[in-house]
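Visitor: Give me a 3D structure for the following:
(chains A and B)
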Amino acid sequence: MVTAPHLAREAKRRRELITPEGLALNLTIASRGARAGAIILDFILIHVTMLVVTLLLMYLAFGVFGVSGMSAGGPLELLAVVWLIMMFLFRYAYFLYFELGPRGATPGKRITGIRIAARDGGRLTAEAVIARNLLRDIELFLPLVLVAGAQSGDGGLAGLAALAWFAIFMTFPFFNRDAMRAGDLVAGTFVVEAPGRRREGALDVSRAALGQEAAQGSHGYRFGEAELAVYGEYELQVLERILRDNRADAMVQVAETICAKIGWTAGRGDERAFLEAFYAQLRARLESDLRFGKRKADKHAMSQ
Amino acid sequence: MALLDFFRRRKAGAAPDLDAAALRSDRFRLERQGDWQRLEAIVARLEAGRLRRISDDDLLALPALYRMAASSLAIARETTLDAATLNYLEALVQRAWFQLYGTRSSLGSWLRRFFGGGWSEAVRAITPDVLIALAAMVAGTLVGWLLVSGDPHWFHALVPGEFGGQRAPGASADSLRSTIFGDQQGTTGLSAFAAYLFGNNTKVAILAFALGFAFGVPSILLLIHNMALLGAMLWLFDGAGLGTDFIAWLSVHGTTELFAILLAGGAGIHVGRNMAFPGNRSILAAAAQSGRRAAIVMTGVVVMLMVAAFLEGFVRQLVNVTPARFAIGGAMLAFWIAYFYLLRRRPAMGAD
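Guide: Predicted coordinates for the structure are as follows:
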């Protein structure tokens, strides 16, 4: 369907997801780089928090309450055990709390603009979130331990075999189209770009509708059938962006290009009115074609 | 935020100048953008977790607003070439969809359902796999015993050097006795606990689960190998006439710990078996469905391993006589069995 290469690259990471209402949503698979960045940010955050809390507790114990030394047995030892459990659970709690929250993303994921979603378009369940987080340890930490172990050669042949097995886990995201890690596969989730973070995500209410004079050419700029037929939807959207950015030098250049293409002589000083009129009439023409089921993706496409 | 709300209401109040619009798609946008923005404001508050700041009217209108935006998007895709409006609508509908079909339960309410029956239900659901794991563990113990009783050299192959310590063939009954009774020098409760928690058995449990992906076969092998170690130990202590005492010593934390390993192995086998025999589902769907159930079981395994660590670190050193050790271990076993198989409520916590 898509003919132009600039659209094909985008389409590779596009996934269509059918909601229970029957509407197809276009989700974009998060890049592996964004995901790696998110996990690194999360781990920095987790460890800084653990360090700060631990130092604070030690300050309270030794500085304020004046506990002297680490005597074996006694209440302090029990507290130390409680602390050990807390630190052990903190990492899990961190991921579960944030991924079960309304944004479906840890702080690291939010910063990199990604979130998790159910692969089948249904509800994201707590079990799915837990499953994908339990497997993270197996994918990420056991392999790192084994890599360290394999170098010293302690594990022998079994160690190497285990290393190969976990290497499969670790490189899992690179071998499937959806960049799922094993945890995603088991949980039935994937990681997508969070919506509404792009610049175009905001609706400009104050943006006026295209006026009658621009659309009907009462400015004096009136384009014929053949002149409007040279461009398609992609060029229309580029033009829309140029008009929104409102940069004088870009508009001059684009106006000259259009004039050269349709065989007009470029004027000077009135580029914005010219471009607005061309945009309005091109859109009116393409949209009326659309209502009859005719689409023209870009200037290379034959109108059909 | 308050200022923006004020601003929005003023805007929505003013009737958009429909007549000035030349294009149908612009009129389409002007007619509906008030509703879209109302939906956007509600979704933004949902995302921020500020549920209390949403008025009842807004909450009641949310499903209708969502469907309206969704149908607007479906129409806009076919009629408008205004990229700004299309992108806005795509993002808005996605955000609203994520909120309406997001997770229903917070971590707290999930934990309540988990301990209140969801966990035991998941354990019951994988009963066949737990039985397979149990068979593997029993077989492993027997194999360990038989191998070592046939040829004591097998002991060193089965038990890693640093693990056995003074527990090796040829050790005197007194030195063996000292390992299971009395103070264990140099190990306080804390260090025993820490060594345990990050030690061998947690790794075995996680491995038994993780290896399930290769259709469960490595899980079974791992269970057999680890239980062969136990069988060898049993043979050693039994030879010194300490068989009963060893079992009692082990049972304090062992009933909980071995149960946890059993469940972890069962969870791994469950995933592997469903991937090998997915039935009418696709392999991916089967993996996802069984994986979610296995995740519930594994969450419980983590809890059990911590209980076992507590028992091993503290209780086992305080209680130094065989009958009392049996009582504690037996009570724990009875508790787990009762909890998993007798607590039958029907919580809504399935894998699907």
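Visitor: Might you list the low-confidence residue ranges for chain A?
Guide: By pLDDT under 70, the low-scoring segments of chain A are A:1-10, A:64-78, A:141-159, A:162, A:196-220, A:266, A:302-304.
Visitor: Tell me where it has strands.
Guide: Here chain A has its strands, by DSSP state E, at A:14-18, A:24-28, A:114-118, A:189-193.
Visitor: so which of these comes closest to A:Phe90?
Guide: strand A:114-118 (20.2 Å; CB to CB). Every residue, glycine included, has its C-beta placed from N, CA and C.
Visitor: That closest one: how far from the chain's middle?
Guide: 9 Å (CA atoms, centre = their mean, to the nearest Å).
Visitor: Mind putting the strands of chain A into JSON lines with distance to chain B and mean neighbour count?
Guide: Listed next are the strands of chain A as JSON lines, based on distance: least, CB to the nearest CB, whole Å; neighbours: other CB atoms under 10 Å in any protein chain shown:
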{"stretch": "strand A:14-18", "distance to chain B": "9", "mean neighbour count": "13"}
{"stretch": "strand A:24-28", "distance to chain B": "6", "mean neighbour count": "17"}
{"stretch": "strand A:114-118", "distance to chain B": "7", "mean neighbour count": "24"}
{"stretch": "strand A:189-193", "distance to chain B": "8", "mean neighbour count": "23"}
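Visitor: nearest to B:Glu90, of those?
Guide: Among the strands of chain A, the nearest to B:Glu90 by CB to CB is strand A:24-28 (6.4 Å).
Visitor: Looks like A:Glu99 contacts A:Pro107 (just checking).
Guide: No. The criterion here is CB atoms under 8 Å, and A:Glu99 misses it with A:Pro107 at 10.9 Å.
Visitor: of these two, who's got more company?
Guide: Neighbour totals were compared for A:Glu99 and A:Pro107, and A:Glu99 leads with 24 against 15 (other CB atoms under 10 Å in any protein chain shown).
Visitor: so what's that one closest to, chain neighbours aside?
Guide: Excluding the flanking residues, the one nearest A:Glu99 by CB to CB, 6 or more residues apart in numbering or on different chains is A:Val129, at 4.8 Å.
Visitor: contacting residues around the one you found?
Guide: Neighbouring residues of A:Val129 by CB atoms under 8 Å, 6 or more residues apart in numbering or on different chains: A:96, A:99-100, A:116, A:187, A:189, B:103.
Visitor: can you do 7 Å?
Guide: Residues in contact with A:Val129, defined by CB atoms under 7 Å, 6 or more residues apart in numbering or on different chains, are A:96, A:99-100, B:103.
Visitor: Can you tell me which of the residues you listed end up in helices?
Guide: A:96, A:99-100 (DSSP state H).
Visitor: closest to B:Ala122 among these?
Guide: Using CB to CB, the ones in helices among the contacts of A:Val129 come closest to B:Ala122 at A:Leu96, 16.8 Å.
Visitor: And that closest one, how close does it get to chain B?
Guide: Distance of A:Leu96 to chain B, computed by CB to the nearest CB, to the nearest Å: 5 Å.
Visitor: for the nearest residue to A:Arg123 once chain neighbours are set aside, phi and psi?
Guide: Among residues not flanking A:Arg123 along the chain, B:Tyr101 sits closest, at 4.9 Å (CB to CB, 6+ apart). The phi/psi pair for B:Tyr101 (degrees, to the nearest 10) reads phi -110, psi 30.
Visitor: before we move on, back to that, separation between the residue nearest to A:Glu99 and B:Ala287?
Guide: 16 Å (CB to CB, to the nearest Å).
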